[in-house]
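Trainee: 3D, please:
(2 chains)
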Amino acid sequence: MRFMVMVKATAESEAGVMPRQELLAAMGAYNEELANAGVLLAGEGLQPSSKGARVRFAGDRRTVVDGPFAETKELIAGFWILQCKSLEECVEWVKRCPNPMESDSDVEIRQVFEADDFGDELTPELREQEARLRARAAGEPQ
Amino acid sequence: MDATTRATIDAVWRIESPRLVGALTRMTRDVGLAEDLAQDALVVALERWPRSGVPESPGAWLMATAKHRAIDLFRRGETLQAKQEQLARELEAAEDPTATAVEQTGEDLLGLIFMCCHPVLAIEARVALTLRLLGGLTSDAIARAFLTPRATVQQRIARAKRTLGAARVPFEVPAGEQLAERLPAVLGVIYLVFNEGYAASSGEHWTRPELCEDALRLARMLAELMPREPEVHGLAALLELQASRLRARRGPGGAPVLLTDQDRSRWDLLLIGRGLRALDRAEALSRGGLGPYALQAAIAACHARARTPQDTDWERIVALYDALSALTASPVVELNRAVAVAMASGPAAGLELVDALADARELTAYHLLPSVRADLLARLGRREEAYAELTRAAGMTANERERRLLLERAAGLAGG
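Mentor: Numbering: from 1, shown residues only, chains lettered A, B, ... in the order given. Predicted coordinates for the structure are as follows:
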């Protein structure tokens, strides 16, 4: 399953204060660790909300609101997309992350919707019940 | 123990066990002993953590516990050999391996994967050992995935470890010519695991995505650890691109959906992007021509880039199959090439190539040969011959869903 791991913003990140050298190095090593383990699918750091905008929807109306936005703790300063076996595995990976902020902050983990991938995924009982048959991708030209 | 703690310990094990076993194998030079030590540490964790809580650095904790076990074991041994005494001293002196550089961990993981995929082992043993030691899967999970009794998997793993010990397989990453010789075995194991999930499903089901995920994780791991090897990126690209179509390949009720019929909006764009980037890397690193995995990835990329089946660049696919067939000399590749030629130059040209394959011994029991032939005949308006070929193909496949699909196609010809 796939998770989006979001680093929540702080006053400093919203002020555009760049992380210190040690943190950048530690974060680089952590990213390498995630990649080496084959769990890192994507990840980016985000600019402060002052460089962003919101489009507000109300019925047929669209109103554009320029940043920055007030509710700092609800904003996102960066994210990863991780492929893990379970929420617990994702939590364990996140606990290994260096503290991303100077001040106290949250890192939020959300599971990505992909229910249709696995729909009626086989239970072990069903698997054993079925005879083993071989199939090849019929007609797929590769 | 409550379910949350158990799940946390499972997660810690999955994350930590490959590097734990890797580091312990490097230190003890014995993969069987290394896994036993790691398992012992896990048992201690299972006893303690539910009461004390999971430690701050669970990896370091497991490593320290395993090392103490090793030192105890060596010191207590009744026939205390000089070698073991030496190892015990080395272990005590060794730097804390969880604190060592990422590079050391990478080397350990690579050493482990080359050991697990060593040619002295049978292919089934390589697969089981790789999933167990690198994938962090239990014997139970491997048994379920391969529809094999658990005892068989356990025996296979135990025998594999004995074989590695008896053959004195060194713990090392091969270099130069040796690497070129040994790498295909590693890639082959990962590809086999992926295919088991992707195409060779059990009777009523078409795919087993969990196995695909395990294989992808290994391929991604390898691509990070061996960034200079074009075929490693080629394999990663192939798997990312094929996995991008997983959810579109299964129709309602689990019936297979063929490539041209798939709803392309359900293809996974994140994986397509990763696949195309990995293919770029493989192409940039290739000295001379692309290898077989990169070529297959390039073919998959032609499909990934086509927004509709009509947009597919079949000329390029034919050219890529030409290159692939020069490398593999496989009649299955030739058959696929014939399909591509039929798409690029019309069914008559394709049929000519398919007919030339009729006598290939490898294809006598291969139901896709009559199935492809039927498709081309139908497109040429030779419906009676097509009907006969589909019926023949249906009698050759062992997969129930596929058989039904072929008979439905035959019925469609007879009725329409």
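Trainee: switch to C-alpha atoms for all contacts and neighbour counts from now on
Mentor: OK.
Trainee: At the contact with chain A, which residues of the stretch 1-150 of chain B appear?
Mentor: Contact residues, the stretch 1-150 of chain B versus chain A (CA under 8 Å from any CA of the partner chain): B:7, B:8, B:10, B:11, B:12, B:14, B:15, B:102, B:106, B:144, B:147.
Trainee: Apply 7 Å and report the result again.
Mentor: Applying CA under 7 Å from any CA of the partner chain, we find that the stretch 1-150 of chain B lies next to chain A at B:7, B:8, B:11, B:12, B:144, B:147.
Trainee: what's the single longest helix in chain A?
Mentor: Taking DSSP state H as the criterion, chain A has its longest helix at helix A:21-36.
Trainee: List of residues touching the helix or strand following it?
Mentor: Proceeding N to C from helix A:21-36, the next assigned helix or strand is strand A:40-45, under DSSP states H and E. With CA atoms under 7 Å, 6 or more residues apart in numbering or on different chains as the test, strand A:40-45 has contacts from A:34, A:77, A:78, A:79, A:80, A:81, A:82, A:83.
Trainee: Please report how far the last one lies from chain B.
Mentor: Residue A:83 sits at a distance of 8 Å from chain B (criterion: CA to the nearest CA, to the nearest Å).
Trainee: Quick check: that residue touching residue A:3?
Mentor: Yes - counting by CA atoms under 7 Å, residue A:3 is a contact partner of residue A:83 at 6.4 Å.
Trainee: Strands of the chain, residue ranges please.
Mentor: Using chain A here. Residue ranges of the strands in chain A, as given by DSSP state E, are A:2-8, A:40-45, A:53-58, A:61-66, A:76-83, A:107-111.
Trainee: Could you list the buried residues of the helix or strand encompassing residue B:4?
Mentor: Residue B:4 belongs to helix B:3-28 when assigned by DSSP H and E. Of the residues in helix B:3-28, B:5, B:8-28 count as buried by neighbour count, 16 or more other CA atoms under 10 Å in any protein chain shown.
Trainee: Pull up the overlap in contacts between residue A:83 and residue A:3.
Mentor: Common neighbours of residue A:83 and residue A:3 (CA under 7 Å, 6+ apart) do not exist.
Trainee: Spit out the contact partners of residue B:365.
Mentor: Residue B:365 sits in contact with residue B:396, where contact means CA under 7 Å, 6+ apart.
Trainee: what secondary structure does it sit in?
Mentor: Residue B:365 carries the three-state label coil when classified by DSSP: H, G, I helix; E, B strand; the rest coil.
Trainee: Can you name the next helix or strand after the helix or strand harbouring residue B:216?
Mentor: Using DSSP H and E, residue B:216 maps to helix B:209-225. Downstream of helix B:209-225, the first helix or strand assigned by DSSP H and E is helix B:230-243.
Trainee: Let me know whether that following helix sits next to chain A.
Mentor: No - remark: helix B:230-243 sits outside contact range of chain A, by CA under 7 Å from any CA, the gap being at least 10.3 Å.
Trainee: and the helix or strand following that helix with chain A, contact?
Mentor: Next helix or strand after helix B:230-243 toward the C-terminus (DSSP H and E): helix B:269-285. No - with CA under 7 Å from any CA as the criterion, chain A is not reached by helix B:269-285; the gap is at least 8.0 Å.
Trainee: what does the average pLDDT come to for the helix or strand that helix B:269-285 is followed by?
Mentor: As assigned by DSSP H and E, the chain's next helix or strand after helix B:269-285 is helix B:292-305. Mean pLDDT, computed over helix B:292-305, is 96.
Trainee: Next, the buried residues of helix B:292-305.
Mentor: Per 16+ other CA under 10 Å, helix B:292-305 contains these buried residues: B:292-304.
Trainee: repeat for stretch B:376-388
Mentor: Going by 16+ other CA under 10 Å, stretch B:376-388 has these buried residues: B:376, B:377, B:378, B:383, B:386, B:387.
Trainee: same deal with stretch A:17-32?
Mentor: Buried-residue list, stretch A:17-32, by 16+ other CA under 10 Å: A:23, A:27, A:29, A:30, A:31, A:32.
Trainee: pLDDT and distance to chain B added to the residues you listed, as a markdown table?
Mentor: Shown next, in a markdown table, are those (pLDDT from 0 to 100; distance: CA to the nearest CA, whole Å):
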| residue | pLDDT | distance to chain B |
| --- | --- | --- |
| A:23 | 93 | 16 |
| A:27 | 94 | 13 |
| A:29 | 92 | 7 |
| A:30 | 94 | 9 |
| A:31 | 95 | 11 |
| A:32 | 92 | 8 |
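Trainee: Quick one: residues contacting residue A:73.
Mentor: So residue A:73 contacts A:8, A:9, A:10 (CA under 7 Å, 6+ apart).
Trainee: Using a markdown table, lay out those residues together with neighbour count.
Mentor: Converted to a markdown table, the contacts of residue A:73 look like this (neighbours: other CA atoms under 10 Å in any protein chain shown):
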| residue | neighbour count |
| --- | --- |
| A:8 | 21 |
| A:9 | 26 |
| A:10 | 23 |
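Trainee: quick one: which of those residues is nearest to chain B?
Mentor: Using CA to the nearest CA, residue A:8 is the member of these that lies nearest chain B, at 22.3 Å.
Trainee: what residues are up against the residue nearest to that closest one when sequence neighbours are not counted?
Mentor: Using CA to CA, 6 or more residues apart in numbering or on different chains and skipping the chain neighbours, the partner closest in space to residue A:8 is residue A:76 (4.5 Å). Contacts for residue A:76 (CA under 7 Å, 6+ apart) come out as A:6, A:7, A:8, A:9.
Trainee: got the angle between the helix or strand encompassing residue B:322 and helix B:292-305?
Mentor: Taking DSSP H and E as the criterion, residue B:322 maps to helix B:314-328. For helix B:314-328 against helix B:292-305, the angle by axes from the mean of the first three to the mean of the last three CA atoms, to 10 degrees is 170 degrees.
Trainee: buried set for helix B:314-328?
Mentor: B:314, B:317, B:318, B:320, B:321, B:323, B:324, B:325.
Trainee: Skip ahead from the helix or strand of chain B with the lowest mean pLDDT and say which helix or strand is next.
Mentor: The least trusted helix or strand in chain B, going by mean pLDDT, DSSP states H and E, turns out to be helix B:82-93, with a mean of 65. Using DSSP H and E, the helix or strand that directly follows helix B:82-93 along the chain is helix B:102-116.
Trainee: what's in contact with whatever helix or strand comes next after that following helix?
Mentor: Per DSSP H and E, helix B:102-116 leads on to helix B:123-133 as the next helix or strand towards the C-terminus. With contact meaning CA under 7 Å, 6+ apart, helix B:123-133 is reached by B:18, B:113, B:116-117, B:137-139, B:142, B:153, B:156-157, B:160, B:189.
Trainee: Which of the buried residues of stretch B:376-388 fall within helices?
Mentor: Using DSSP H, the buried residues of stretch B:376-388 in helices are B:376, B:377, B:378, B:383, B:386, B:387.
Trainee: Which strands and helices lie in contact with whatever helix or strand residue B:371 lives in?
Mentor: Counting by DSSP H and E, the element that carries residue B:371 is helix B:368-379. Contact here means 3 or more CA pairs under 7 Å, 6 or more residues apart in numbering or on different chains; DSSP states H and E; on that basis helix B:368-379 packs against helix B:347-356, helix B:383-396.
Trainee: Comparing the ones you listed, which stretch has the densest surroundings?
Mentor: helix B:383-396 (a mean of 20; mean count of other CA atoms under 10 Å in any protein chain shown).
Trainee: show me where pLDDT drops low in chain A?
Mentor: A:115-142 (pLDDT under 70).
Trainee: try 80 this time
Mentor: A:114-142 (pLDDT under 80).
Trainee: What's the separation between residue B:54 and chain A?
Mentor: 10 Å.
Trainee: need the next SSE after the helix holding residue B:4, C-terminal direction.
Mentor: helix B:31-52.
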